[in-house]
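Enquirer: dropping a prediction and its sequence here:
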Amino acid sequence: MSSVSGPGREKVALITGVRRIGSEIAKNLLERGYHLSVIYRSSEEEAQKLEEFGRRSGRKVLLIKGDLSEEAFCLEAVRRTLKDLGRVDAFVHLASPYFRTPVETLSEEEIQDHFKPIAQAFLILSKEIYKGMLSNEGEIKGRIVAFGDWAADHTPYRDFAAYFVAKGALHTAVKVLAKEFAPHVLVNCIALGPVIKPWDMEEEMWKRILRNTPLKREVPIRDITNLVIYLLEVEGITGEIIRVDSGRHIAGSGTGTVA
């Protein structure tokens, strides 16, 4: 694959996590002229669809399959992106395991299965991407957007201990890296609320959650894709955790599982 580096006219984004919301964000970036480096582990079908979507859009999509829990893979993924696409202007980190881990039976393996791809990978990828971004032109040389969770800083609900500990670490990492990478790279976080019903949640529970949000509706996907683009263009915001949750943080979880 030929390099797309040059005088700054074409931009490259590296994205992790391309199911559901991630797929929509990736398509939006392609439509807006970005070339993509897509890191995925099991989302083969979604990744291939993005590659085809990019081809139709005249954009390059580099697919990199592997495990974000492995430091060596993270380092190699950034190296390949810089080699094949020539630069990185944006890093969007959505990869996030999400499964029940009741604290009574919580294991080290379950903790690592969440912490490594959510928080550790974010730190490692960001560190390496930052080095590459410093070669970009301009005062602002790159932007990083992580995806957190509205409840991590407010009312984490029961039975997802490993997930919320990892998301809490991610939120902290965003603020730490925003200071470390200033003034040339901006780092922010979107803390999501109810957007798409989890696959293992019953419909009535989902409706109950939405009824308990002030806005009483799901967050539209367009709100998220628009906010991502805004954060990839903004010049005066860094270190922010922006809640996009239909106001859920001011109403509690709505699941009936919060003590």
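Expert: In hand now; what should we look at?
Enquirer: how many neighbours does the closest residue in space to G247 that isn't next to it in sequence have?
Expert: Nearest residue to G247 in three dimensions, chain neighbours excluded: P214, at 3.5 Å (Cβ to Cβ, 6 or more residues apart in numbering). C-beta coordinates here come from the backbone N, C-alpha and C atoms, glycine included. When counting by other Cβ atoms under 10 Å, one arrives at 12 neighbours for P214.
Enquirer: which elements pack onto the helix or strand of the chain with the lowest mean pLDDT?
Expert: Sorting the helices and strands of the chain by mean pLDDT, DSSP states H and E puts helix 203-211 at the bottom, at a mean of 87. Helix 203-211 is packed against no helix or strand, with contacts defined by 3 or more Cβ pairs under 8 Å, 6 or more residues apart in numbering; DSSP states H and E.
Enquirer: what is the next helix or strand after that helix packed up against?
Expert: As assigned by DSSP states H and E, the chain's next helix or strand after helix 203-211 is helix 221-231. In terms of contacts (3+ Cβ pairs under 8 Å, 6+ apart), helix 221-231 is packed against helix 21-31, strand 142-149, strand 185-192, strand 241-244.
Enquirer: tell me the helices and strands packed up against the last one.
Expert: Contacts of strand 241-244 with other secondary structure elements, assessed using 3+ Cβ pairs under 8 Å, 6+ apart, are made with helix 161-181, strand 185-192, helix 221-231.
Enquirer: again, 7 Å this time
Expert: When contacts are defined as 3 or more Cβ pairs under 7 Å, 6 or more residues apart in numbering; DSSP states H and E, strand 241-244 packs onto strand 185-192, helix 221-231.
Enquirer: next, format the helices and strands packed on helix 221-231 as CSV and append distance to K207 and mean pLDDT.
Expert: Listed next are these as CSV, based on distance: least, Cβ to Cβ, whole Å; pLDDT from 0 to 100:
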stretch, distance to K207, mean pLDDT
helix 21-31, 20, 96
strand 142-149, 20, 97
strand 185-192, 18, 97
strand 241-244, 20, 96
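Enquirer: could I get those as CSV with mean neighbour count and distance to V234?
Expert: What follows is the helices and strands packed on helix 221-231, written out as CSV (neighbours: other Cβ atoms under 10 Å; distance: least, Cβ to Cβ, whole Å):
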stretch, mean neighbour count, distance to V234
helix 21-31, 21, 16
strand 142-149, 26, 8
strand 185-192, 24, 7
strand 241-244, 19, 11
